[in-house]
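> Here is my input, please return the structure:
(chains A and B)
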Amino acid sequence: MNILGDLGGLSPLWILVLTALAVLLLTVTGGDKRPAPGSSTHLAVLSLVGLFTAGVLLWNVEGTRTLFSGAIVIDGIGVLFGLTSLCGAFFGVVFAAAYLQEHGLSHGEFFSLVLFAAVGMLMVALAGDLLTLFIGIETMSLAVYVLAGYRRSSRRSQEAALKYFVYGAFASAFALFGIALLYGEVGRLSGTPALTFKALGAAFLGHEVSVAGFIGVAMLLCGLGFKIAAVPFHMWAPDVYEGAPTPSTAFMAVGIKTAAFAGVLRFVAATLIAGGERGTETAIQIFEVLGVLTMVLGNLLAIRQTQIKRMLAYSSIAHAGYVLVGVAAFIAEPKSYAVEAVAYYLFGYTAMTLGAFGVVLAFERGEDRRPDLPIERLAGTGHRYPAFGLAMALFMFSLAGIPPTAGFFGKLALFSAAVAAGRTSVVIIAVLASAIGAFYYLRVTVVMYMRAAGTEEKRVESAWLSAGLWLCAALTLVFGLLPDTYFAIAKRLVTGWLG
Amino acid sequence: MIEIVLFYVGAVAAILGAAGVVLARTPLRGALWLIFTLCAVAVLYLLLEAPFVAAMQVLVYAGAIMVLFVFVIMLLNLGPEAGARPAYVSVAKASGLLACVYLGWRLVAALSGSGQKAVDGSVKNIGVLLVTDYLFAFEAVSVLLLVAVVGAVVLGLRRLS
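From the prediction side, this is the model:
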């Protein structure tokens, strides 16, 4: 094993770790006073530079590389999902810079935790074995638990962190038990126990897998299902999304979901469709039932919400359901276009969800001290702040799946992948579910533009916030107008992944 | 022969201890029963030719982590009433128990009689694996621990304001 060469290939990871350490050290040496206005700009800039560098390094990877005896595999799917996670972290830092300033919270620890979480997400996206996958999941989760409880003066924030932690630890225990069973099963089938996806695929292909193996698969998928907030494991999401500080919520909604879906795809490719063969009907149906339950329940519960962060929480549950339909299509027809559709959808989801949370954050002023923003309070803001109103309308249209936005083409790609795999009935349910979804997204726009203002809601003035919102809006619109650009890149990266 | 005797002693002790944890009146007694169970499971690990895991079980779990448990229980001054649980039987509890029994039975049925030899669980082999095949995991755990430390400081630090 060539350790130095392997370390070189791993540069996106350790550059992020080093940046996080540098941010921490700069924070500690900055004195113990409360942050003065503008005194933490260098920390935000440093974090963004670190994230950007890691992204560029990841982008420049050529071909597939296997590092550290198969613990890390840098390939197309890892690069695609890793870049989307980094994008989530990037905007997480930008929005946090505005939020932390407004609420008088310390910057450095927040940024470094976002960077550490990004390291965990990259580990999950680039995982070559189950151990790396698990350590990655734990690293990103642990950082995000703390980010959820970052507003220590708020009881709701504390409650969110504790709930997320307890449920999350339980899910991790499930995943770990599943991994142990799979380790033993690979040993039974192939003679030498191993944890790499490659060995897992080889053992699942052409051997009679016992019940222990399938219980292992199911338990690990339960653990991952918790991270993506798919329906029987979604209970934590609304409370945690509502109580956590808004930049943490935005970051966890996009980054964790993207990374966890990368893990799901890798795991599914190694076990359920080992060797590129079509998965069993049972496996496809399990994912479809999960997907349908997730999007229908998410959308129906979102309609009743009066608080916007809670509504977006249910909306993010519903979006996980659409992606699960894409994963089911991938199992039914293991071709790269299903993976590309999932990647594109998650990228669009990242841009529009971050943007929506960014607008929420714009109306959370330091003196309000409320954990969530009632949708009613947005009345009239569309006219008072035309740019913000337009951006929010764009994000809501995109979340609802109205052309020409990234949300529309993402849904189109996912659903056509499912149709191509011959799963038409699920697609019909998914289209109906997104029609329900359109109702509550458009209601926000209606409230912003057509309802008379009861109270004059003020907005947070911050250059960071405006820049982040413009960038998110640009991504949502540009990749909506030019989806082929993304698909061309994705095709180049993912082709050959399935061997 | 002696192995079989040791296995049954260890297994029965582990099950009794686990029942003790659940049925104990006070949290402190429950914690003490947990130490008993963990030590009994360590005996089973020894029988599986995994001395390293057995030693870690006693040192880390029965030792360090249980000290933390007992410390927290003492610190919060949890009396007998803290362990009082609602005694009702619900559909969720019954179906959870049934699922556990069923899955456990299927697992035992699937694993028994496979005649698999345990992997080499000696300290030396684990040490070699840690710096060869699992080098990345070994290093990545340090990042995980660092995150835990930073998180503890962020959540625990009392700011003077």
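> in what helix or strand does A:Val73 lie?
Using DSSP states H and E, the element containing A:Val73 is strand A:72-74.
> wait, I meant A:Ala229
Per DSSP H and E: nothing holds A:Ala229, as it lies in no helix or strand.
> contacting residues around it?
Listed by C-beta atoms under 8 Å, 6 or more residues apart in numbering or on different chains, the contact partners of A:Ala229 are A:Trp236, A:Ala237, A:Lys257, A:Ser316, A:Ile317, A:Ala320. All C-beta atoms are positioned from the backbone trio N, CA, C, and that covers glycine.
> rerun that using 6 Å as the cut-off
A:Ala237, A:Ile317, A:Ala320 (C-beta atoms under 6 Å, 6 or more residues apart in numbering or on different chains).
> what mean pLDDT does the biggest helix by length in chain A have?
Across chain A, the helix with the greatest residue count (assigned by DSSP state H) is helix A:155-190. The predicted model gives helix A:155-190 an average pLDDT of 92.
> The helix or strand following it and chain B, are they touching?
Reading on from helix A:155-190 to the C-terminus, the next helix or strand found by DSSP H and E is helix A:197-204. No. When contact is scored as C-beta under 6 Å from any C-beta of the partner chain, no part of helix A:197-204 falls within range of chain B; the minimum is 11.2 Å.
> Now do whatever helix or strand comes next after helix A:197-204: which elements does it pack against?
The element immediately downstream of helix A:197-204 (helix or strand, assigned by DSSP H and E) is helix A:211-227. For helix A:211-227, the packing partners by 3 or more C-beta pairs under 6 Å, 6 or more residues apart in numbering or on different chains; DSSP states H and E come out as helix A:155-190, helix A:257-271, helix B:91-111.
> host element of A:Val427?
Element membership for A:Val427 (DSSP H and E) is helix A:424-450.
> Report the separation between A:Arg188 and A:Met252.
Remark: distance between A:Arg188 and A:Met252 (C-beta to C-beta, to the nearest Å) = 38 Å.
> okay, the two: which has more neighbours?
Between A:Arg188 and A:Met252, counted using other C-beta atoms under 10 Å in any protein chain shown, the more crowded position is A:Met252 (28 against 20).
> I figured A:Phe177 was touching A:Met219, is that so?
Yes. Contact between A:Phe177 and A:Met219 holds when scored by C-beta atoms under 6 Å: they sit 5.5 Å apart.
> Please identify which of the two sits among more neighbours.
A:Met219 (21 against 16).
> Identify the residues contacting the more buried one.
Counting by C-beta under 6 Å, 6+ apart, A:Met219 touches A:Phe174, A:Phe177, A:Gly178.
> Distance to A:Ala97 added to those residues, as a markdown table?
Formatted as a markdown table, the entries for the contacts of A:Met219 read as follows, by distance: C-beta to C-beta, whole Å:
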| residue | distance to A:Ala97 |
| --- | --- |
| A:Phe174 | 36 |
| A:Phe177 | 40 |
| A:Gly178 | 39 |
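> For chain B, state which of these is nearest.
Taking C-beta to the nearest C-beta as the measure, chain B sits nearest to A:Phe177 out of the contacts of A:Met219, at 10.4 Å.
> For that closest one, give its distance to B:Val128.
26 Å.
> Put the alpha carbons of the lowest-mean-pLDDT helix or strand in chain A into CSV.
The helix or strand of chain A with the poorest confidence is helix A:3-9; it has a mean of 84 (mean pLDDT, DSSP states H and E). The C-alpha atoms that make up helix A:3-9 are tabulated as CSV, following Å, rounded to 0.1, in the frame of the first residue of the first chain:
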residue,chain,number,x,y,z
ILE,A,3,0.3,5.5,1.9
LEU,A,4,1.6,8.9,0.5
GLY,A,5,-0.1,8.3,-2.9
ASP,A,6,-3.3,7.3,-1.1
LEU,A,7,-3.2,10.5,1.0
GLY,A,8,-2.7,12.6,-2.1
GLY,A,9,-5.9,11.1,-3.6
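> one step back: let me know the closest of the contacts of A:Met219 to A:Asp129.
Distance to A:Asp129 across the contacts of A:Met219 (C-beta to C-beta) is lowest for A:Gly178, with 14.0 Å.
> List the contacts of that closest one.
So, once contact is read as C-beta under 6 Å, 6+ apart, A:Gly178 ends up touching A:Gly216, A:Met219, A:Leu220.
> just how off-centre is whichever helix or strand comes after the strand holding A:Val73 within its chain?
Sequence-wise, the next helix or strand downstream of strand A:72-74 (DSSP H and E) is helix A:76-103. When C-alpha coordinates are averaged (C-alpha atoms, centre = their mean, to the nearest Å), helix A:76-103 and its chain have centres 10 Å apart.
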